[in-house]
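In: I'll drop the sequence and a predicted model, then ask my questions.
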Amino acid sequence: MKERIKIKFVRLNHIQICIPLNKEEEAREFYCGLLGLKEIQKPDDLKENGGFWLEIGDVELHIGVEDLNNQSKRHPAFEVVGLQSIKDYLLSNGTEIKEDNPLPLFNRFSFYDPFNNRIELLEPKFGDSQ
């Protein structure tokens with residue numbers, strides 16, 4: 001195994017949970033209506049995937065739609081410092097990286113742990129930092 005590095009986690013950015021296909025209006029009624037959460041704009045590049053995003057305190061709650069399968073979209077997303085170094089570190093230790101669709105304000109990627117749990121890491125974009 002290669003030398004270990006200390007990953008500096010900044011904060012939890014968002015959590016994604018999933019609902020069955022064609023249940024978005026029922027989910028909006030529950031989360032926005034009953035719970036009173038505020039829906040926020042989802043990036044244009046991700047709208048085709050369905051679902052919607054909510055603001056819950058200083059964290060985002062992403063409601064995704066999917067069929068049940070082994071590699072669920074459910075995941076935590078952690079803001080980090082030094083995203084490229086972390087990616088290089090994980091790759092050098094045999095971790096397969098999933099390149100995710102870009103977001104307007106963040107560079108990001110995800111990976112699965114040995115138990116098939118998806119973990120997303122992201123870092124705010126600062127010019128051409130990556």
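Out: Done, it's in.
In: Can I get the top helix by length along the chain in PDB? Just the C-alpha atoms.
Out: When the chain is scanned for its longest helix (criterion: DSSP state H), the result is helix 83-92. Extracted in PDB, the C-alpha atoms of helix 83-92 (Å, rounded to 0.1, in the frame of the first residue of the first chain):
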ATOM      1  CA  LEU A  83      -9.500  17.300  -4.500                       C
ATOM      2  CA  GLN A  84      -6.900  16.400  -7.200                       C
ATOM      3  CA  SER A  85      -4.400  15.100  -4.700                       C
ATOM      4  CA  ILE A  86      -7.100  13.000  -3.100                       C
ATOM      5  CA  LYS A  87      -8.100  11.600  -6.400                       C
ATOM      6  CA  ASP A  88      -4.500  10.800  -7.300                       C
ATOM      7  CA  TYR A  89      -4.100   9.100  -3.900                       C
ATOM      8  CA  LEU A  90      -7.200   7.000  -4.300                       C
ATOM      9  CA  LEU A  91      -6.200   5.900  -7.800                       C
ATOM     10  CA  SER A  92      -2.700   5.000  -6.700                       C
END
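In: Would you mind naming the residues that bridge with the residue nearest to the spatial centre of the chain?
Out: By Cα atoms, centre = their mean, the chain has its centre lying nearest to A77, at 4.4 Å. Here A77 sits in beta bridges with H14, E120, as judged by DSSP bridges.
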